[in-house]
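Enquirer: below is the structure, and that's it, no one-letter string:
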C-alpha cells in the first residue's frame, strides 16, 4: 500500500469516528441515548494510528471511552451504534451500552469502564498469545488517570517479567474526569514508568497521526519479534467533557481557554492539510467527508429503528455454555 | 486401592490436567516454593516447566486479571491465592470482570478461569490470615464456587472447575488436608452443583461443606450412640448448590442443621436455611439451626481461638437442641461448653 493509500485510509477512519460520535452526542443531547457516553472527539489519531499496525488477530483492550478504539480496530459501525442505544442487535446484545463494546471477530473481547481493569486482561491476552506462539500482539489503551491505579504498575511488571507481546498506550488527555494532571501529580512524567519496569517508552504528539503510527509500528514489531512489552504516551486532548455531549462544560469544569488552544491542533485537519500540501485534490477529500457522514447516518437510522432486548431474555447468559 | 490425602488429591489432579491439556497453566504466588501452598505444588515446576507453573510477584490484582485475560483468549488458567485474605486485592478482576463477562457480552467470550483460594487458619495467625470469605463470592451472579471436603473431591472438583467453561472459585481449606480417601483418575469433568449424602439418617439433616463436613461426620457418630440418626449432606459446591438433594433430605428427616465455618451474619448457611424455610416449611418439625463462627474477626491467642472455631461438639449440641434433647442451649453466643456459635 502506498503512503497515499495509507493516508486516505487514516483520514477515512478518523472521519468515521468523528461522525459516529457527533451522532452519539446528538443522541445524548436529545435523550435518545441514556447510557453514559464518553466521547473520543479530538483523540482520533491515537486509536487510528496504533491500530494501523494491527490485524484482526491482534487484540485491543479499551475502556469507558472506546468508540474510537472499536471502530479503528475494524468493529462494526451499526453494531456499535445499536449498542449505544442498548438495542438487541447491539454488539453486546443491548446488555452493555456505550461503555461495553464487543467485537470478538476483530480482537475486541470487551471494553469496560472500571478504571484500569482491562490493563491486566491485556497482559493475560498477551500471555496467551506468547503461549500460543502465533506472533500476535495485545494492546491496552488507557488514559492518564488510569496510571494512578496501583494495578497498572503491577500489570506492567508482569508483562515485562513474563516477556509478553503487550503494548501499553497511554492516551494522556490531561484530565482524569474533572481533575487536571497537575492537580493529581507533582510531575507530568508518566512515560518514565517504562523505565521503572524495564521496557522502552516513548512520548508522541497524539494529534499527529504519522508520529503515532511510527511509534506504534516500532512497538508492535518488537512485540511480534518476542522482545516484550513497550509503552507509548500519546499527548492529546478530548474536546468534549468527561461524559456527555457538551464541548466545554462538564462535571463543573470550564475548559474554554484550554480547548481553544487544542482545537487548531485537530488531528483530522492536520492530516487533511498535509494531504492538500502533497497535491491531493480538495474535491476528493470533501467527497471522503461526505461519504463518511452518509454512511454513519445510514447506520444511525438502523440503530434508531432497532428493537430493544426482549424482557424474557433478562437472565440469559449469566453463565456461558447454555448453563443456568 | 491405596488411600491418598486431600493435599495429594490437589497435586495429582494438577498433574493429570497439565499432562492432558496444553492450555492448562498455573499462575500465582509461592508456586516454586515447596511449602508455600501446603505441598500441593511440589516439583510441578520441574516437571512441567516454569512457563506453565508461573510463580508471581505479590501482585494479586494483576495476576488474577492476567489469568482472566488469558482465559478469554483460549487458555484454561488456574490462578492460585495461597491465602484467601490477600485475594481481596483482586476483587475487581474476579467480581467486576470475570463474573460479569458472560452476561455482559451475551456469552460470546467465555471465561474458563479457575481461581484457587486457600483458607489457612488457626495457629494464632490472626484476623488477616484466617478468613473464609466464600459467601461474598457466592453472592455474585456469574461466579461458581466449589469447596471440597474430601480427598476425592479435592481432585474431582478441580477437574470439574477447569472444564466448566465459567469462572470457578475453588476453595481448599488447609484443615482438610489430612482427609484421606481413594482418588479418581483422568480428567473427566462432571457438572458443578451436585451434593452428596455421605451418611444416611432419618432424624435430622446436617448440611455442611468444606471443613465442617468432617466435624459433621464425627458428630453423627456420637449422635448415633445416643439414638439420633443424622444424615450428613456434603454440599460440595455452594454456587450453584444442590437444592434438590437438600430439600429431599430435609423433607425426609423433618429437621435441618446447616454448618459452615464462617461468620453468622449473611453467610452461605443463611441462604441454605432460607430456601429450606420457603420450600420445605410444611415438613419441618423444628426450627432450622445453623452452626457458624461468631460474628467476630479471627483472634490470635490460643485461648480465644478455642471458643472461636465450631467443632463436632458444636454440631452435637445443635443437633440435640433440634431433636428436643437440650432445648436450653443458648443461641448466638460463645459458651464454655462448645466452641463457635449456634444460631
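Expert: Thanks, I have it. What you see is a predicted model; the values in this text were computed from it and never measured. Numbering: from 1, shown residues only, chains lettered A, B, ... in the order given.

Enquirer: residue B:238 against residue B:145, yeah?
Expert: Yes: when contacts are counted by Cβ atoms under 8 Å, residue B:238 is listed as touching residue B:145 (5.0 Å). In short, each C-beta sits where N, CA and C put it, glycine included.

Enquirer: for these two, list the residues in contact with both.
Expert: B:134, B:138 (Cβ atoms under 8 Å, 6 or more residues apart in numbering or on different chains).

Enquirer: ramachandran angles for the residue of the stretch 151-300 of chain A at minimum distance from chain B?
Expert: Here the stretch 151-300 of chain A gets closest to chain B at one residue, residue A:154, 3.5 Å apart by Cβ to the nearest Cβ. In terms of degrees, to the nearest 10, the main-chain angles of residue A:154 are phi -60, psi -40.

Enquirer: what is the burial count for it?
Expert: The number of residues packed near residue A:154 is 26, by other Cβ atoms under 10 Å in any protein chain shown.

Enquirer: from residue A:191, how far off is it?
Expert: 18 Å (Cβ to Cβ, to the nearest Å).

Enquirer: could you measure from residue B:270 over to residue B:24?
Expert: For residue B:270, the distance to residue B:24 - Cβ to Cβ - is 35 Å.

Enquirer: those two: which is more packed in?
Expert: It is residue B:24, of residue B:270 and residue B:24, that has more neighbours when counted by other Cβ under 10 Å, with 22 against 18.

Enquirer: who are the contact partners of that one?
Expert: With the criterion set at Cβ under 8 Å, 6+ apart, residue B:24 makes contact with B:17-18, B:52, B:75-78, B:162.

Enquirer: at 10 Å what do you get?
Expert: Taking Cβ atoms under 10 Å, 6 or more residues apart in numbering or on different chains, we find residue B:24 in contact with B:14, B:16-18, B:48, B:52, B:75-78, B:112, B:114, B:162-163, B:187.

Enquirer: got it, and residue B:209?
Expert: So residue B:209 contacts B:134, B:145-149, B:153, B:171, B:173, B:195, B:216, B:233-238, B:241, B:258-261, B:268-269, B:272 (Cβ under 10 Å, 6+ apart).

Enquirer: report the helix or strand with the lowest average pLDDT across chain A.
Expert: strand A:249-250 (a mean of 68; mean pLDDT, DSSP states H and E).

Enquirer: assign the residue in the stretch 151-300 of chain B positioned nearest to chain A to helix, strand or coil.
Expert: Residue nearest to chain A within the stretch 151-300 of chain B: residue B:165 (4.4 Å; Cβ to the nearest Cβ). State at residue B:165, reduced to three classes by DSSP: H, G, I helix; E, B strand; the rest coil: coil.

Enquirer: ok, and the closest non-adjacent residue to it?
Expert: residue A:321 (4.4 Å; Cβ to Cβ, 6 or more residues apart in numbering or on different chains).

Enquirer: so which strand or helix has the one you found?
Expert: Following DSSP states H and E, there is no helix or strand that holds residue A:321.

Enquirer: so it touches residue B:102, yeah?
Expert: Yes: counting by Cβ atoms under 10 Å, residue A:321 does reach residue B:102; the two are 8.8 Å apart.

Enquirer: how about the residue most central in space within chain B, nearest residue that isn't a chain neighbour?
Expert: The centroid of chain B falls nearest to residue B:147 when counting by Cα atoms, centre = their mean (2.4 Å). The spatially closest residue to residue B:147, leaving aside those adjacent along the chain, is residue B:210, at 4.1 Å (Cβ to Cβ, 6+ apart).

Enquirer: that neighbour reaches residue B:175, doesn't it?
Expert: Yes: under the criterion of Cβ under 10 Å, residue B:210 makes contact with residue B:175 at 8.6 Å.

Enquirer: compare these two (neighbour count), which wins?
Expert: residue B:210 (27 against 19).

Enquirer: mind listing what the more buried one touches?
Expert: B:119, B:132, B:134, B:146-149, B:153, B:171-173, B:175-176, B:234-236, B:238, B:259-262.

Enquirer: and the residue lying closest to residue A:276 once chain neighbours are set aside, how many neighbours does it have?
Expert: Closest residue to residue A:276 apart from its sequence neighbours, by Cβ to Cβ, 6+ apart: residue A:282 at 6.4 Å. Using other Cβ under 10 Å, residue A:282 has 10 neighbouring residues.

Enquirer: look up how far residue A:168 lies from the residue nearest to residue B:147.
Expert: 40 Å.

Enquirer: now do residue B:272
Expert: 45 Å.

Enquirer: can you give me the helices for the chain?
Expert: Unless you meant another one, I'm taking chain A. A:3-30, A:44-51, A:67-72, A:77-84, A:118-132, A:150-161, A:181-184, A:193-196, A:209-224, A:256-262, A:267-277, A:282-305 (DSSP state H).

Enquirer: look at chain B instead
Expert: B:6-20, B:44-48, B:60-72, B:91, B:100-104, B:134-138, B:151-162, B:211-225, B:243-253, B:268-279, B:302-308, B:312-322.

Enquirer: packed most tightly, which of those helices would that be?
Expert: Compared across these, helix B:60-72 shows the largest average neighbour count, a mean of 30 (mean count of other Cβ atoms under 10 Å in any protein chain shown).

Enquirer: go ahead and confirm residue B:228 touches residue B:318.
Expert: No: between residue B:228 and residue B:318 there is no contact under Cβ under 10 Å: 11.4 Å.

Enquirer: between the two, which contacts overlap?
Expert: With Cβ under 10 Å, 6+ apart, residue B:228 and residue B:318 have common neighbours B:204, B:219.

Enquirer: pLDDT value on residue B:39, please?
Expert: Note on residue B:39: pLDDT of 85.

Enquirer: measure the residue lying closest to it once chain neighbours are set aside to residue A:228 for me?
Expert: In space, not counting the residues next to it along the chain, residue B:39 is nearest to residue B:7; the distance is 5.4 Å by Cβ to Cβ, 6+ apart. Residue B:7 is 36 Å from residue A:228, where distance means Cβ to Cβ.

Enquirer: can you give me the distance of the nearest residue to residue B:340 once chain neighbours are set aside to residue A:94?
Expert: If the residues on either side of it in the chain are set aside, residue B:340 comes closest to residue B:310, at 2.7 Å by Cβ to Cβ, 6+ apart. Residue B:310 sits 47 Å away from residue A:94, taking Cβ to Cβ as the criterion.

Enquirer: please apply the same query to residue B:138.
Expert: Distance, residue B:138 to residue A:94, by Cβ to Cβ: 28 Å.

Enquirer: one step back: overlap in contacts, residue B:210 and residue B:175.
Expert: B:119, B:261.

Enquirer: tell me the pLDDT of residue A:195.
Expert: pLDDT at residue A:195 comes out at 97.

Enquirer: to clarify, my last question referred to residue B:48.
Expert: Reported pLDDT for residue B:48: 98.

Enquirer: that one: what's it in contact with?
Expert: Contacts of residue B:48 by Cβ under 10 Å, 6+ apart are B:14-15, B:18-19, B:24-26.

Enquirer: am I right that the residue of the stretch 151-300 of chain B closest to chain A is in contact with residue B:114?
Expert: No: applying Cβ under 10 Å, one finds residue B:165 not in contact with residue B:114, separated by 11.1 Å.

Enquirer: the more surrounded of those two?
Expert: Set residue B:165 next to residue B:114 and count neighbours by other Cβ under 10 Å: residue B:114 wins out with 27 against 20.

Enquirer: and the more buried one, how far from residue A:104?
Expert: Counting by Cβ to Cβ, the gap from residue B:114 to residue A:104 is 22 Å.

Enquirer: what is the burial count for residue A:130?
Expert: Here the number of neighbours of residue A:130 (other Cβ under 10 Å) works out to 22.
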